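Novice: sequence unknown, structure follows:
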DNA sequence: GAACTATGCGGAA
DNA sequence: TCCGCCTAGTTCA
């Protein structure tokens, strides 16, 4: 799932490549015909993310709200300009000025020359497939403009030289400013939105008043925005906190440390496009850990494997119908 | 080609 | 608490 960092990266991409441009909007899949018809011919004014929600403002205070859910993703193609922070995190960004440059494919995956950039649910294989096609000289289609429709595209935003395809979102709708404000009002603090000090107070107060497991509260978007299943598991481990601890019983200094941890994790995630939760390791250990996608976390996706700190088997349990991974010893 | 999985969430029961 | 939905990939038969 795209957690908060991905959504911020997408908002930056749209901000960078679409603001000030008039778009041709369409719904090749057909499920967003009416909305696309409203957006068609309008100029993009602004794009912003709050937690896992993204909002794009067009002319006349017409807003597009997108939530990617579990499977949603954006594919960018064309003369994509990289956000400075994103570009600096990608090893191949020097070769930008051709048609298309990779965004999400990571420096670790060494996939820097793809014809499409995908941000959202993991699509590394797909990106790699495209790259290998290109390498084999079968990439002519990547030079077509507009790009051919691949898969089920809910919404395509197209300008003379850039294209963004949205597929599989949980939510994609046109909203009024009031509706946008109502959605945002229900969201907990996002470290990248507003005053982070205010955010910290809201987070601490929000958790402290609840007699609900901290493992559930971290996933509650009205308590704190942008944390998903991966960041939850990793943050609880980093805080050495038992996921079942009721919110009201978590020490205040622990909560403040967790907020500051989230501030750091999110900004690192936005910069790198990776959920870098093991940055405390020494460089060599870190390099090894990053070598494989499934080996990048303290506890997430490590059920039955020995804890990296104490060797105890990592536990997998269901919490609120989501998989929760934790170390029963380090997080006693 | 079916079954299964995934970084989510809302609504019905 | 369970179900449905959104999509694409991987795995297994």
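Specialist: Great, that's in hand. Keep in mind it's a predicted model, so treat the numbers as computed, not measured.
Novice: any idea how far residue A:315 lies from residue A:50?
Specialist: 33 Å (C-beta to C-beta, to the nearest Å). For the C-beta atoms, the positions are set from N, CA and C on the backbone; glycine is no exception.
Novice: no wait, residue A:169
Specialist: 16 Å.
Novice: tell me which residues of stretch A:312-323 are tucked away?
Specialist: Within stretch A:312-323, the residues scored as buried using 16 or more other C-beta atoms under 10 Å are A:314-315, A:319.
Novice: ignore what I typed, I meant stretch A:242-254.
Specialist: A:242-243, A:245, A:247, A:250, A:254.
Novice: tell me which of those residues fall in strands.
Specialist: Per DSSP state E, strands hold no members of the buried residues of stretch A:242-254.
Novice: can you tell me which of those residues is closest to DNA strand B?
Specialist: Nearest to DNA strand B out of the buried residues of stretch A:242-254 is residue A:243 (C-beta to the nearest atom of the strand; 14.3 Å).
Novice: which residues sit in contact with the closest residue to that closest one other than its chain neighbours?
Specialist: Nearest non-adjacent residue to residue A:243, counting by C-beta to C-beta, 6 or more residues apart in numbering: residue A:215, 3.1 Å away. Counting by C-beta atoms under 8 Å, 6 or more residues apart in numbering, residue A:215 makes contact with A:232, A:236, A:243-244, A:319, A:324, A:326.
Novice: let me know the helix or strand that residue A:215 is in.
Specialist: helix A:214-217 (DSSP states H and E).
Novice: right, and residue A:8 touches residue A:193 too?
Specialist: No: Residue A:8 lies out of contact with residue A:193 (C-beta atoms under 8 Å); the separation is 9.3 Å.
Novice: intersection of neighbour lists for those two?
Specialist: Both residue A:8 and residue A:193 are contacted by residue A:49, under the criterion C-beta under 8 Å, 6+ apart.
Novice: higher neighbour count, the two?
Specialist: residue A:8 (29 against 17; other C-beta atoms under 10 Å).
Novice: helix/strand/coil for that one?
Specialist: helix (DSSP: H, G, I helix; E, B strand; the rest coil).
Novice: report the closest residue of the stretch 151-300 of chain A relative to DNA strand C.
Specialist: residue A:151 (2.4 Å).
Novice: so which residues of chain A form strands?
Specialist: Going by DSSP E, chain A shows strands at A:24-26, A:44-50, A:53-58, A:62-67, A:73-78, A:117-120, A:155-158, A:162-167, A:171-175, A:315-319, A:322-326.
Novice: dump the ones you listed to a markdown table, plus mean pLDDT and distance to DNA strand B.
Specialist: Output for these, formatted as a markdown table (pLDDT from 0 to 100; distance: least, C-beta to the nearest atom of the strand, whole Å):
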| stretch | mean pLDDT | distance to DNA strand B |
| --- | --- | --- |
| strand A:24-26 | 98 | 24 |
| strand A:44-50 | 97 | 11 |
| strand A:53-58 | 98 | 8 |
| strand A:62-67 | 97 | 6 |
| strand A:73-78 | 93 | 11 |
| strand A:117-120 | 70 | 9 |
| strand A:155-158 | 97 | 18 |
| strand A:162-167 | 95 | 12 |
| strand A:171-175 | 96 | 8 |
| strand A:315-319 | 93 | 9 |
| strand A:322-326 | 95 | 5 |
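Novice: distance to residue A:304 for those - can I get that in JSON lines?
Specialist: Formatted as JSON lines, the strands of chain A follow (distance: least, C-beta to C-beta, whole Å):
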{"stretch": "strand A:24-26", "distance to residue A:304": "47"}
{"stretch": "strand A:44-50", "distance to residue A:304": "35"}
{"stretch": "strand A:53-58", "distance to residue A:304": "35"}
{"stretch": "strand A:62-67", "distance to residue A:304": "33"}
{"stretch": "strand A:73-78", "distance to residue A:304": "30"}
{"stretch": "strand A:117-120", "distance to residue A:304": "29"}
{"stretch": "strand A:155-158", "distance to residue A:304": "41"}
{"stretch": "strand A:162-167", "distance to residue A:304": "34"}
{"stretch": "strand A:171-175", "distance to residue A:304": "35"}
{"stretch": "strand A:315-319", "distance to residue A:304": "7"}
{"stretch": "strand A:322-326", "distance to residue A:304": "10"}
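Novice: among the ones you listed, which is nearest residue A:206?
Specialist: strand A:44-50 (15.7 Å; C-beta to C-beta).
Novice: can you mark which positions in that closest one are buried?
Specialist: Result for strand A:44-50 [16+ other C-beta under 10 Å]: buried residues A:44-45, A:47-50.
Novice: so which of the residues you listed comes closest to residue A:177?
Specialist: Of those, the one sitting nearest to residue A:177 (C-beta to C-beta) turns out to be residue A:45, at 11.7 Å.
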